[in-house]
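> fold the following and give me the result.
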Amino acid sequence: MSEHAGHADHKPGGMSRWLFTTNHKDIGTLYLWFSFIMFLVGGAMALVIRMELFQPGLQVVDPHFFNQMTTVHALIMVFGAVMPGFVGFANWMIPMMIGAPDMALPRMNNWSFWLLPPAALLLVISLFVPGGGPAAGWTLYPPLTIQGGMGMDFTIFTVHILGISSILGSINIIATIMNMRAPGMTLMKMPLFVWTWLITAFLLLASIPVLAGAVTMLLTDRHFGTAFFDPAGGGDPVMFQHIFWFFGHPEVYILILPAFGVISQVIPTFSRKPLFGYTSMVFASAAIAFLSFIVWAHHMYTVGMPLSGELFFMYATMLIAIPTGVKIFNWLATMWRGSLTFETPMLYAMSVVLLFTVGGLTGLMMSITPADFQYHDTYYIVAHFHYTIFAGSVLSMFAGVYYWLPKWTGHMYDETLGKWHFWLTVIGFNVTFFPQHFLGLAGMPRRIPDYALQFSEFNQVSTVGAFVMGLSQLILLVVVLKAIRGGKKASAEVWENPEGLEWSVPSPAPYHTFETPPVVR
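Just a heads-up that it's a prediction; the model follows:
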């Protein structure tokens, strides 16, 4: 027996603390650091793409490697940066928000995390094996994926491992929220971040096995003589698209719902008002989750589906704008006549409301079937999904990091550096992706390393913006390390207000125009 046996307060030090931890805060920290490292790796790949596209012609990388970059960049950002980042938030905050001592299944929690680094390593190694990495876009469409070397098999294996991790994490989150709430905390009293994660966890459980099925069928097509997606053997590559997007559309809401939860915590705090329309926010989140399963083929308008199918998916896609609009309205109503202060988390939250709305409006344009035939596979699509995934999910993660960093570290972060990070990121983001709307409308195809001369200027602007945005992420690293190492101690009420207002609601509540006006005596 160890000399420490029987000491309840013994904590393993060094590496074993992190390898064997069952503490939700330690596991949350591991997820967040893993997410940030993957964010930098995926960002470096994006900069390779933008360098190649700085001018027409082929200058930096060969076309095959360019396609590998677009594929691995996307897979790393979706499965390595955004999803693990929000699971990190969930691990840290959900037990504290519902009054639980830890997650329901702490050992499984540890395993969920430690599946990620080997999977990430496998994906990056795929770039260096004979035949190169996957070069089929993150959607992995056959026939591109039925050919290709060993790197494609590595990628399929990576997706399986990441899927197992997500499923275990989801089971853990559902078990924790359903069984470990403090007495008196009913479902309708939970913070909105907890609600969005509960809904997200069910989405993950329903959609990840579909992706696993799709890539398993790809694997058997490649090595075991099946022909699910090979027309030569009676298969259909369009079937892959249906299976993939039945996972892929709920997936984009898996990326954005926890972001909505973060924003719904940040905005009320810095508005010094409770969230407007809590119940409608919960139902809107559930409606988004339900509708996300019946819109998948709006990614596939050009495959030749029947007109009735196109109409159904067009109307269903337009319908999903309603609950999303409810959320935007409620955030604006929360800020309306509040006592706003503009610390870094609030700046990020407000930028999310503005920029995500831009992404939503371009999404509405793309939902219109005949118009989408023009937008399909152009840079308009690239601009749209970066305004939803980067401006929606990633900027929300930044808001959450600045918001909870004092709670995590016990120290205030450097507000000046935080604001520098915010402005450089948001300006760099818009300079990068706003011109891509025009490129797409003018017909520049995506995932192509070369382009016609008339697209040069917008591409150069876009590349400059990308480097500003990418390099400014190093400021975040400095901010986090400074807060971990020390600085001003965070008070019990972290977000003090210089005007001396109370923590959450000014008292008495200010008169606002949502109710009948007071009687004038």
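> sketch out the low-pLDDT regions of the stretch 51-200 of the chain for me.
Judged against pLDDT under 70, the stretch 51-200 of the chain has no low-scoring part.
> ignore the last one, the chain
1-11, 494-521.
> one more pass at 50, please.
For the chain, the stretches with pLDDT under 50 are 1-8, 498-518.
> next secondary structure after the longest helix along it?
Using DSSP state H to define each element, the chain has its longest helix at helix 237-271. Counting by DSSP states H and E, the next helix or strand C-terminal to helix 237-271 is helix 278-291.
> so what does that following helix touch, helix or strand wise?
helix 192-223, helix 237-271, helix 321-335 (3 or more CB pairs under 8 Å, 6 or more residues apart in numbering; DSSP states H and E). C-beta coordinates here come from the backbone N, C-alpha and C atoms, glycine included.
> from the chain's centroid, how far away is the first one?
Just to be clear, that refers to helix 192-223. The chain centre lies 15 Å from the centre of helix 192-223; the measure is CA atoms, centre = their mean, to the nearest Å.
> can you give me the angle that helix makes with helix 237-271?
Angle of helix 192-223 versus helix 237-271, following axes from the mean of the first three to the mean of the last three CA atoms, to 10 degrees, is 160 degrees.
> buried ones in whichever strand or helix holds Thr432, by neighbour count?
Element membership for Thr432, per DSSP H and E: helix 415-441. For helix 415-441, a neighbour-count test (16 or more other CB atoms under 10 Å) marks 418-422, 424-426, 428-440 as buried.
> and the helices and strands packed on helix 278-291, which is most packed in?
Highest mean neighbour count among these (mean count of other CB atoms under 10 Å): helix 237-271, with a mean of 23.
> centre of the chain to that helix, how far?
Taking CA atoms, centre = their mean, one finds helix 237-271 lying 7 Å from the centre of the chain it belongs to.
> do stretch 190-208 as well
Computed by CA atoms, centre = their mean, the chain-centroid distance of stretch 190-208 equals 13 Å.
> nearest residue to Ser165 in space, ignoring adjacent ones along the chain?
Of all residues not flanking Ser165 in the chain, Leu115 sits nearest, at 4.1 Å (CB to CB, 6 or more residues apart in numbering).
> ugh, typo on my part, it should be Thr139
Phe244 (5.9 Å).
> against Val238, how distant is the one you found?
10 Å (CB to CB, to the nearest Å).
> what of Phe293?
19 Å.
> next one: Ala399
39 Å.
> and if you look at Phe356?
From Phe356 to Val238 the distance is 31 Å (CB to CB).
> for the helices and strands packed on helix 278-291, give me TSV that also has distance to Asp26.
Below are those laid out as TSV (distance: least, CB to CB, whole Å):
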stretch	distance to Asp26
helix 192-223	19
helix 237-271	20
helix 321-335	32
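> related to what we said a few turns ago, and the helix or strand following the helix holding Thr432, what other elements does it pack with?
The helix or strand immediately downstream of helix 415-441 is helix 456-485, counting by DSSP H and E. Other helices and strands packing on helix 456-485, by 3+ CB pairs under 8 Å, 6+ apart, are helix 24-52, helix 395-409, helix 415-441.
> would you list the ones you listed in a markdown table and tack on distance to Phe373?
Below are the helices and strands packed on helix 456-485 laid out as a markdown table (distance: least, CB to CB, whole Å):
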| stretch | distance to Phe373 |
| --- | --- |
| helix 24-52 | 26 |
| helix 395-409 | 31 |
| helix 415-441 | 13 |
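> so which of those gets nearest Ala492?
helix 395-409 (10.5 Å; CB to CB).
> name the residues that touch stretch 104-113?
20-24, 27, 30-31, 34, 87, 91, 103, 165, 168-169, 171-172, 175-176, 179-180 (CB atoms under 8 Å, 6 or more residues apart in numbering).
> for stretch 471-488, same thing?
With CB under 8 Å, 6+ apart, stretch 471-488 has contacts from 36, 39-40, 43, 398, 401-402, 405-406, 409, 411-414, 417-418, 420-421, 424-425, 428.
> from Met38, how far off is Ile288?
Ile288 is 26 Å from Met38, by CB to CB.
> I misspoke; the intended subject was Tyr348.
Taking CB to CB, one finds Tyr348 at 20 Å from Met38.
> surely Ser271 is in contact with Phe342?
No - counting by CB atoms under 8 Å, Phe342 is not a contact partner of Ser271; they are 11.0 Å apart.
> give the contact list for Leu453.
If you count contacts by CB under 8 Å, 6+ apart, then Leu453 has Pro56 around it.
> find the nearest non-adjacent residue to Trp296, please.
Excluding the flanking residues, the one nearest Trp296 by CB to CB, 6+ apart is Trp245, at 4.0 Å.
> quick one: the one you found and Tyr387, what's the gap?
Applying CB to CB, the value for Trp245 to Tyr387 is 20 Å.
> go on, Val215?
Taking CB to CB, one finds Val215 at 28 Å from Tyr387.
> over to Lys189?
Distance check for Lys189 against Tyr387: by CB to CB, it reads 34 Å.
> between the two, who's got more neighbours?
Of the pair Lys189 and Tyr387, Tyr387 is the one with more neighbours under other CB atoms under 10 Å, namely 25 against 12.
> host element of that one?
Here Tyr387, judged by DSSP H and E, is contained in helix 379-388.
> which other residues reach that helix?
Applying CB under 8 Å, 6+ apart, the contact partners of helix 379-388 are 252, 256, 355-356, 358-360, 362-363, 366, 375, 429, 432-434, 436-437, 439-441, 444-446.
> what's the angle from it to helix 415-441?
Counting by the same axes, to 10 degrees, helix 379-388 lies at 160 degrees to helix 415-441.
> the chain should start at 55 in everything you say after this.
In the new numbering, first residue 55, that becomes helix 433-442.
> how distant is helix 433-442 from the center of its chain?
The answer for helix 433-442 is 14 Å, by CA atoms, centre = their mean.
> the inter-axis angle of that helix versus helix 510-539?
When the same axes, to 10 degrees is applied, the directions of helix 433-442 and helix 510-539 differ by 20 degrees.
> buried sites along helix 433-442?
For helix 433-442, the neighbour count (16+ other CB under 10 Å) marks Tyr433, Tyr434, Ile435, Val436, Ala437, His438, Phe439, His440, Tyr441, Thr442 as buried.
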